[in-house]
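Chemist: starting from these lines, generate the structure:
(chains A and B)
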Amino acid sequence: NAGVTQTPKFRVLKTGQSMTLLCAQDMNHEYMYWYRQDPGMGLRLIHYSVGEGTTAKGEVPDGYNVSRLKKQNFLLGLESAAPSQTSVYFCASSGVDWAGTDTQYFGPGTRLTVL
Amino acid sequence: ILNVEQSPQSLHVQEGDSTNFTCSFPSSNFYALHWYRWETAKSPEALFVMTLNGDEKKKGRISATLNTKEGYSYLYIKGSQPEDSATYLCAFSNAGNMLTFGGGTRLMVKP
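Modeler: Next comes the predicted model:
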């Protein structure tokens, strides 16, 4: 049981390049999330998904796109990377709990630098 | 955008000291308050989930309290150890699965 995995772990891009970050979970969770973590700002939600085939915007969605074609995978795309997107990206997943008590399980993070 | 504040931002203590830090959150539309522990180069891991005003949770030397009416939660660590060094995140839920995270308190425990 690997939990939540992310690939790649590190990446350096030039401004304008594109890339896709892959998140996979093996816990049969319905919900998946992409966050970015910047110094002093905690975790900010980029996009999330409430189930296969669905996606929604979070707090900071601009410059990112996502897809959830399979329940276990959640992809985050950067079409034209900018230096402001230099960050550590975390994926998380959770079950469905309308009471707000379900724990989110996090992947190990992807450190992205845009030059 | 919900405002979840944590203080202090960072804290240095000596081994054996007890310490506490604060998470402030909106007092309206409260669903749950989560605490996570985040060690450097690792993923955040859940410590506690609290839902009821007056809730207290304990795991070993770490405990947390919750006041939903005034919108704050305290995390306490008794007899800090070097292995307690980490960033402690709180996250507020006001709608099902969505969490809004605070900026974290970075704790460093010196041997």
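Chemist: do the least confident helix or strand in chain B by mean pLDDT and chain A meet?
Modeler: Here the helix or strand of chain B ranked lowest by mean pLDDT, DSSP states H and E is strand B:98-101, holding a mean of 89. Yes. If you take CB under 8 Å from any CB of the partner chain as the test, strand B:98-101 does meet chain A, through B:98, B:99, B:100, B:101. To be clear about C-beta, it is placed using only N, CA and C from the backbone, and glycine gets the same treatment.
Chemist: between these, which is nearest chain A?
Modeler: For the residues of strand B:98-101 next to chain A, the residue nearest chain A by CB to the nearest CB is residue B:101; the value is 4.2 Å.
Chemist: in CSV: the residues of strand B:98-101 next to chain A, plus distance to residue A:82.
Modeler: Below are the residues of strand B:98-101 next to chain A laid out as CSV (distance: CB to CB, whole Å):
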residue, distance to residue A:82
B:98, 26
B:99, 26
B:100, 25
B:101, 23
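Chemist: against residue B:62, how distant is the spatially most central residue of chain A?
Modeler: Central residue of chain A (CA atoms, centre = their mean): residue A:34, 2.5 Å from the mean position. Distance from residue A:34 to residue B:62, counting by CB to CB, to the nearest Å: 29 Å.
Chemist: likewise residue A:22?
Modeler: Distance from residue A:22 to residue B:62, counting by CB to CB: 34 Å.
Chemist: how far is the helix or strand hosting residue A:45 from where the chain is centred?
Modeler: Element membership of residue A:45, judged by DSSP states H and E, is strand A:43-49. Distance of strand A:43-49 from the chain centroid (CA atoms, centre = their mean, to the nearest Å) equals 7 Å.
Chemist: who are the packing partners of that strand?
Modeler: When contacts are defined as 3 or more CB pairs under 8 Å, 6 or more residues apart in numbering or on different chains; DSSP states H and E, strand A:43-49 sits against strand A:31-37, strand A:56-57, strand A:65-67, strand A:73-78, strand B:98-101.
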